[in-house]
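1. Quick check, what structure comes out for this input:
(4 chains)
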There are 2 protein chains.
Amino acid sequence: MNTTEEQTTKGHQKEQCKELQLPVQDALDVLNGRWKLPILIAISFQTKRFSEISREVNGITDRVLSKELKEMEQNKIITRTVRDAFPPIVEYSITPHGLTLHKIYAELGEWGAAHRKLIIGK
Amino acid sequence: MNTTEEQTTKGHQKEQCKELQLPVQDALDVLNGRWKLPILIAISFQTKRFSEISREVNGITDRVLSKELKEMEQNKIITRTVRDAFPPIVEYSITPHGLTLHKIYAELGEWGAAHRKLIIGK
DNA sequence: GATAGCACTATCCTAAAGGATAGTATCAAT
DNA sequence: ATTGATACTATCCTTTAGGATAGTGCTATC
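-> Numbers count the residues shown, from 1 in each chain, chains lettered A, B, ... in the order given. Model (predicted):
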């Protein structure tokens, strides 16, 4: 009986865990890759134009930047605004939803630092 | 003066943010991929053998499972123990460090669920 | 004697991420 | 007339993640 109950409980916990998988994947898709965080940092403090981000995020190519910005816009992390002018002005800024990423990036950073200490050395 | 101070403050914050990048990448490397969470869930509740994990984690191939387990062992998320017997018994269990992942997976899941609501539908 | 289970490894293949390089339309400034 | 700036797009290539399939050495079981 005790055993059965334990198994039931464990089974329940496990089910809860499995339900984590989909939303966790969703979150990782948004966070992942080499460029998302640097781009987010660049935009977080003030609205920036494409070329400004391109200059500030070291090593990124225009092609990749363009793709990342599109993806972040679809994910409602940033907004894109076009102003009619020549040369064209396209501005990117962070959304409220994008701001909520700060907390989890901070937590990832904390965990990562602890991990690094454990793995690489004291 | 006010402006200068603001810029200095912002500059400082930005430097702090940039220092996040390395540990965040470390963390994401550990969390990432399709199989890490399912494997972690399988092992979390009790020590398991290779074949048990293989059966429990649906769709994974032996080759990929073997690679993931090695990586997780190197990251000190799990331990591998061999017991001399035939057929061979190799047991995998979660470490204290591995248990610390639960919290951040939970937070990723929470964020991911909110994100999903925002993007896919109300 | 054949079969099945264990814990892998080896080989081959596909798809996706991301890098390198070059090009586009438009207009203002020199 | 040429140059430069802007915000991209197009083409090509390399690297990486991960899937499919098969095989290994050993033993207990049928």
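2. Quick check: closest non-adjacent residue to A:Ile60.
-> Once flanking residues are discounted, A:Ile60 sits nearest to A:Trp35: 5.7 Å by C-beta to C-beta, 6 or more residues apart in numbering or on different chains. C-beta here means a position set from N, CA and C on the backbone, and glycine is covered the same way.
3. where's that neighbour relative to DNA strand D, distance?
-> Going from A:Trp35 to DNA strand D by C-beta to the nearest atom of the strand, to the nearest Å gives 14 Å.
4. Tell me how far that residue lies from DNA strand C.
-> Applying C-beta to the nearest atom of the strand to A:Trp35 and DNA strand C gives a distance of 7 Å.
5. before we move on, what about A:Ile53?
-> A:Ile53 is 14 Å from DNA strand C, by C-beta to the nearest atom of the strand.
6. next one: phi and psi at the residue nearest to A:Ile60?
-> With angles defined as degrees, to the nearest 10, A:Trp35 sits at phi -110, psi -20.
7. Please read off the pLDDT at it from the model.
-> As predicted, A:Trp35 sits at a pLDDT of 96.
8. One more: A:Ala85?
-> At A:Ala85, pLDDT is 89.
9. Can you classify it as helix, strand or coil?
-> Using DSSP: H, G, I helix; E, B strand; the rest coil, the secondary structure recorded for A:Ala85 is coil.
10. Spell out which residues of chain A are next to DNA strand D.
-> Taking C-beta under 7 Å from any atom of the strand as the contact definition, chain A meets DNA strand D at A:49-52, A:62-63, A:66, A:69, A:80, A:87-90.
11. Spatially nearest residue to the residue nearest to the spatial centre of chain A (excluding sequence neighbours)?
-> Central residue of chain A (C-alpha atoms, centre = their mean): A:Leu31, 2.7 Å from the mean position. Distances taken as C-beta to C-beta, 6+ apart place B:Leu28 nearest to A:Leu31, at 6.7 Å, with adjacent residues excluded.
12. quick one: contacts for the one you found?
-> Neighbour list for B:Leu28: A:Leu28, A:Leu31, A:Asn32, A:Leu108, A:Gly112 [criterion: C-beta atoms under 8 Å, 6 or more residues apart in numbering or on different chains].
13. host element of A:Gly33?
-> Under DSSP states H and E, no helix or strand contains A:Gly33.
14. circling back: would you verify that the residue nearest to A:Leu31 is located in a helix?
-> Yes. Applying three-state DSSP, one finds B:Leu28 inside a helix.
15. how much space between it and B:Cys17?
-> Distance, B:Leu28 to B:Cys17, using C-beta to C-beta, to the nearest Å: 16 Å.
16. So which of the residues of chain A next to DNA strand D belong to strands?
-> Members of the residues of chain A next to DNA strand D lying in strands (criterion: DSSP state E): A:Arg49, A:Arg80, A:Ile89, A:Val90.
17. What pLDDT is listed against the third one?
-> On the pLDDT scale, A:Ile89 is placed at 96.
18. re the thing from before, ok, which pair from the residues of chain A next to DNA strand D is furthest apart?
-> Using C-beta to C-beta, the pair of the residues of chain A next to DNA strand D lying farthest apart is A:Arg63 and A:Ile89, separated by 20.8 Å.
19. between those two, which one's more packed in?
-> Ranked by neighbour count (other C-beta atoms under 10 Å in any protein chain shown), A:Arg63 and A:Ile89 place A:Ile89 first, with 12 against 8.
20. Now chain A against DNA strand C: closest residue?
-> Closest to DNA strand C within chain A is A:Gly33: 3.0 Å, counting by C-beta to the nearest atom of the strand.
21. wouldn't that residue be in contact with A:Lys67 here?
-> No. With contact defined as C-beta atoms under 8 Å, A:Gly33 does not count as touching A:Lys67 (10.0 Å).
22. quick one: which of the two has more around it?
-> Neighbour count, other C-beta under 10 Å: between A:Gly33 and A:Lys67, A:Gly33 has more, with 16 against 12.
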